[in-house]
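J.: mind looking at a prediction? Sequence and model below.
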Amino acid sequence: MPALQNLVLTDRAATPVNHTFTPDSLENNVGRVVESSGVKAGDSAFTVSSRKTANGNYRATLKLAIPKVEAGVVNGITVNQVTRTAIASVEFSFSKDSTLQERKDAVGMLQSSLDASKVLVNNAVINLEGVWG
């Protein structure tokens, strides 16, 4: 069982930036790490959980939320407010009979699908293009 710990994630900026998420909370077997923006409502958050389901199978869930905080003027007072949030989530479901290699392969193939060179996925997710064929 992994301990809640720092998680460093690299973005896709022209000059990639490492984002360090530090432990924030652990509730109901969901670990939460955050990258602080200085404004609590604007903290980016990554959650991870893994559990055994009622039928004996396993489910692992990852979720990343990146809010955009912008200063706005309300009644002459400048306030920071979240104007939008990018959210990405992944859920893995494995049979209790799955092998370690099967789980590794599923994770590796999903990870590979997110590479910028994979036009089908990249253009649908990054460029917001519809899929056609």
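T.: Alright, I've got the coordinates.

J.: under the pLDDT cut-off, which ranges of this protein? List them.
T.: Low-confidence segments of the chain, defined by pLDDT under 70, are absent.

J.: spatially central residue for it, please.
T.: What sits nearest the mean C-alpha location of the chain, by CA atoms, centre = their mean, is L64, with 2.5 Å.

J.: distance of that one relative to K104?
T.: Distance, L64 to K104, using CB to CB, to the nearest Å: 22 Å. For glycine as for every other residue, the C-beta is placed from the backbone atoms N, C-alpha and C.

J.: hang on, the earlier thing: distance-wise, check the residue nearest to the centre of the chain relative to D97.
T.: Taken as CB to CB, the span from L64 to D97 is 30 Å.

J.: now do the strands in this protein.
T.: 7-10, 18-27, 30-35, 44-52, 58-74, 77-94 (DSSP state E).

J.: so which of these comes closest to L128?
T.: strand 77-94 (12.1 Å; CB to CB).

J.: domain parsing for the protein?
T.: Domain assignment for the chain by automatic domain parsing gives 7-97, 99-133.
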